[in-house]
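A.B. asks: Provide a 3D model corresponding to the input given below.
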Amino acid sequence: MKKTRRNHGAPFKAQVALAAIKSDKTLAELAEHFRVHPTQITEWKQQLLARAADVFGGSNPTAEMPDLKTLHAKIGQLALENDFLEGALTKAGLLSARR
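C.D. replies: From the prediction side, this is the model:
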């Protein structure tokens, strides 16, 4: 019989990771209690520790959305430059008319 993959929610992962950080039980005991693999507990614990500073206003892991107007302007500028260079190279005979 094949086991189905379980998707655990964030509250459950946090609960398991906090229990692992407390260290009042062994990893094997925690794995048996929460019915997850010990490797998974270790991974969740590492993720929690890595992001703990964010709770208190530490680093901001989410990048701000770039300004689309600026990006579109840059794309237009690069397209014009490419067209200009293509025309100049074609006139100079360094670029064949067909690609």
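A.B. asks: can you pull the pLDDT of Leu95?
C.D. replies: With respect to pLDDT, Leu95 scores 78.
A.B. asks: the one 3 residues further on now?
C.D. replies: In this model, Arg98 is scored at 57, pLDDT.
A.B. asks: please apply the same query to Val16.
C.D. replies: Looking at Val16, its pLDDT reads 93.
A.B. asks: that one: neighbour count?
C.D. replies: Neighbourhood size, Val16 [other Cβ atoms under 10 Å]: 21. Backbone N, C-alpha and C define where each C-beta goes, glycine included.
A.B. asks: am I right that it is in contact with Pro38?
C.D. replies: No: using Cβ atoms under 8 Å as the test, Val16 is too far from Pro38 to be in contact (10.8 Å).
A.B. asks: so what sits against both of those two?
C.D. replies: Contact with both Val16 and Pro38 is made by residues Leu30, according to Cβ atoms under 8 Å, 6 or more residues apart in numbering.
A.B. asks: give the rounded mean pLDDT of the longest helix seen in the chain.
C.D. replies: Secondary structure assigned by DSSP state H gives helix 68-91 as the longest helix of the chain. Averaged across helix 68-91, pLDDT comes to 91.
A.B. asks: could I have it exported to CSV, CA atoms only?
C.D. replies: Output in CSV follows, covering the C-alpha atoms of helix 68-91 (Å, rounded to 0.1, in the frame of the first residue of the first chain):
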residue,chain,number,x,y,z
LEU,A,68,6.8,48.4,-14.4
LYS,A,69,6.8,51.8,-16.0
THR,A,70,10.6,52.0,-15.6
LEU,A,71,11.1,48.5,-16.9
HIS,A,72,8.9,49.1,-20.0
ALA,A,73,10.9,52.3,-20.7
LYS,A,74,14.2,50.3,-20.4
ILE,A,75,12.8,47.6,-22.8
GLY,A,76,11.9,50.3,-25.3
GLN,A,77,15.3,51.9,-25.0
LEU,A,78,17.1,48.6,-25.5
ALA,A,79,14.9,47.7,-28.5
LEU,A,80,15.7,51.1,-30.2
GLU,A,81,19.4,50.5,-29.5
ASN,A,82,19.3,47.0,-31.0
ASP,A,83,17.5,48.3,-34.1
PHE,A,84,20.0,51.1,-34.5
LEU,A,85,23.0,48.7,-34.2
GLU,A,86,21.4,46.2,-36.5
GLY,A,87,21.0,48.8,-39.2
ALA,A,88,24.5,50.2,-38.7
LEU,A,89,26.0,46.7,-38.9
THR,A,90,24.0,45.8,-41.9
LYS,A,91,25.1,49.0,-43.8
